[in-house]
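# Got a predicted structure here, sequence first:
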Amino acid sequence: MPLKAPFDALKAWLVDMDGVLYHGKRPMPAAAEFIQALQESRTPFIFLTNNATRTPAEYVQRLGEMGIRVDEDAIFTSALATARYVREHYPPPRRILVIGGNGIRAALQDEGYALVDRADDAELVVSAMDIEANYARCAEATLAIRGGAPWVQTNPDRTFPSEQGIVPGAGAIQAFLEAATDQTPVVIGKPQPGIFRQALAILGAQPEETVMLGDRLETDILGAHRAGLKTICVLTGIANRAQTEAYNPRPDWIIEDLRALLAKPKPFPD
């Protein structure tokens with residue numbers, strides 16, 4: 001099934017995942033068909049997600065279970081962007097205290113960093129969404145930051161669209177640590193321009209010919225607008241129609257779900 005006009009004229013796509021392609025393990029309507037349309041038309045695309053909990057390999061497996069077949073090179077997360085930032089500004093070897101899931105942990109270890117659990121051992125703190133975070137780990141991070149360790153946050157998403165509904169995201173952990181430390185971190189993910197520039201470089205695309213498809217106004221839409229991209233907000237995730245229509249900058253397109261991107265097959269003639 002091809003893309004519907006005017007979306008078929010867009011030359012490159014950045015596609016968010018949570019709230020756009022799926023909620024938890026539940027795929028959104030036409031998610032597989034939409035990605036298949038991009039692939040069949042040979043339109044360059046990359047999945048650009050703030051979710052740092054999983055590795056690219058884990059995302060490939062999850063997408064595959066939903067009928068979406070892609071390689072690891074199609075996945076770019078705030079975990080990968082954060083690891084690149086840390087490597088540039090705090091080269092290894094260094095010891096990092098991490099609040100976060102397997103995605104950010106693996107990304108940092110792949111860059112040669114040692115991960116530690118105690119504030120006394122930490123030279124740097126990196127925080128992300130962590131469904132297993134507890135008070136003790138947050139306390140160690142607080143002590144490390146108060147002791148002078150630099151602090152880097154993967155992304156600012158305060159909430160997260162799950163199968164059960166809207167739940168706390170990485171930004172909730174950031175808020176906890178800000179309240180406890182009186183400090184603010186360096187934030188890497190959307191809407192920061194760096195992660196968009198990195199994604200465009202991977203695609204080999206220019207901003208003016210690229211569209212960001214997302215569900216979150218203050219990250220996907222705002223960040224893409226600042227980076228000079230066109231924007232599509234899909235209403236299957238965080239933002240509702242009233243919020244989206246009132247938002248400044250307003251997305252270039254607002255769609256109910258991914259089916260709005262696909263051209264309906266022509267009926268057979270009588």
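On my side now, so go ahead.
# for the stretch 1-150 of the chain, what spans make up the helices?
Using DSSP state H, counting those that start in this stretch, the helices found in the stretch 1-150 of the chain span residues 31-40, 56-65, 78-89, 102-110, 135-146.
# now those helices as CSV including mean pLDDT and distance to residue 160?
In this view, the C-beta of every residue, glycine as well, is placed from N, C-alpha and C. Formatted as CSV, the helices of the stretch 1-150 of the chain follow (pLDDT from 0 to 100; distance: least, C-beta to C-beta, whole Å):
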stretch, mean pLDDT, distance to residue 160
helix 31-40, 97, 18
helix 56-65, 97, 15
helix 78-89, 97, 13
helix 102-110, 98, 14
helix 135-146, 98, 18
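# Beyond the strand or helix carrying residue 244, next helix or strand please.
Using DSSP states H and E, residue 244 falls within helix 241-246. For helix 241-246, the succeeding helix or strand toward the C-terminus, using DSSP H and E, is strand 253-255.
# Run through who's touching the worst-scoring helix or strand of the chain on mean pLDDT.
Every helix and strand in the chain was compared by mean pLDDT, DSSP states H and E; the lowest is strand 159-161, with a mean of 88. Strand 159-161 is contacted from outside by 18-19, 23, 51, 129, 166-172, 215, 237-238, using C-beta atoms under 8 Å, 6 or more residues apart in numbering.
# same check, this time on stretch 140-154
With C-beta under 8 Å, 6+ apart as the test, stretch 140-154 has contacts from 50, 52, 78-79, 81-82, 85-86, 90, 97, 99-100, 104, 117-119, 122-129, 170, 174, 177, 180-181, 183, 185-189.
# Compute the first-to-last residue distance for it.
End-to-end distance for stretch 140-154: 18 Å, by C-alpha to C-alpha, to the nearest Å.
# And it, how far out from the chain middle?
23 Å (C-alpha atoms, centre = their mean, to the nearest Å).
# Buried residues of it, list them for me.
140, 141, 142, 143, 144, 145, 149, 150, 151, 152, 153, 154 (16 or more other C-beta atoms under 10 Å).
# okay, among those residues, which ones form the most distant pair?
Maximum pairwise distance among the buried residues of stretch 140-154 (C-beta to C-beta): 20.5 Å, between 143 and 154.
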